[in-house]
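Undergrad: next comes the sequence, and after it the predicted model I'd like to discuss.
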Amino acid sequence: MRLILLPVLSILGLSACAEAAEPAEAPAAPVQATTLGSFDLAQPIRALGTEPFWTVDVAGGTITWRDESDLVGDVPTPRSGPAGTPAINGATAVWTTQLSDGTPLMLTLTAEACPDIGEETRALKSVVQIGDVRHEACADARSVYPEDSPTT
């Protein structure tokens with residue numbers, strides 16, 4: 001009887017160890033930051049510049065560039081590219097894309113108050129490098145810009 005019980009007890013003991021030794025859950029994937037300071041980068045964003053008037057919009061996974069000097073009739077011709085996920089380093093977020101016509105565009109936003117046209121202060125400073133041209137201006141949530149702003 002002892003000879004029969006020993007193998008049975010050994011099997012029961014091993015199965016108990018197997019249950020206790022289940023693999024731990026895999027660590028959670030790192031969460032991509034969606035804020036720059038307290039600014040929510042998931043919302044539609046607009047950078048707006050003057051002389052000449054231009055805009056860069058980031059929304060719905062797309063970056064769209066419009067320049068008043070690039071008109072078809074009275075309407076600026078938009079050029080777009082995929083937005084992807086910005087590279088965030090401290091108080092700076094950088095998107096790099098290639099527009100539909102092959103032009104490289106890099107948008108850098110910095111979490112720093114930016115005095116805009118008139119008496120407005122925007123949440124972010126922006127630098128847009130499009131091809132060989134660099135533009136500096138302010139940026140904010142698209143919703144804070146009036147609907148009559150250039151290239152709406």
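TA: Noted; the coordinates are in hand.
Undergrad: the top strand by length along the chain pairs with which strands?
TA: With DSSP state E setting the assignment, residue counts place strand 133-141 as the longest strand in the chain. The sheet places strand 133-141 alongside strand 45-49 (antiparallel), strand 124-130 (antiparallel), with pairing taken from DSSP bridges.
Undergrad: pick the most buried one from these.
TA: Highest mean neighbour count of these: strand 45-49, a mean of 25 (counted as mean count of other CB atoms under 10 Å). Backbone N, C-alpha and C define where each C-beta goes, glycine included.
Undergrad: now the helix or strand just after it against strand 124-130, angle please.
TA: Elements were assigned by DSSP states H and E; along the chain past strand 45-49, the next helix or strand is strand 54-59. Relative orientation of strand 54-59 with respect to strand 124-130: 110 degrees, computed using axes from the mean of the first three to the mean of the last three CA atoms, to 10 degrees.
Undergrad: give the buried residues for strand 54-59.
TA: 54-58 (16 or more other CB atoms under 10 Å).
Undergrad: how about stretch 109-117?
TA: 109-111, 114, 116.
Undergrad: what mean pLDDT does that stretch get?
TA: Across stretch 109-117, pLDDT averages out at 92.
Undergrad: measure it end to end?
TA: 18 Å (CA to CA, to the nearest Å).
Undergrad: cool, and stretch 82-90?
TA: Using CA to CA, the gap from the first to the last residue of stretch 82-90 comes to 23 Å.
Undergrad: please consider this matter closed, and thank you.
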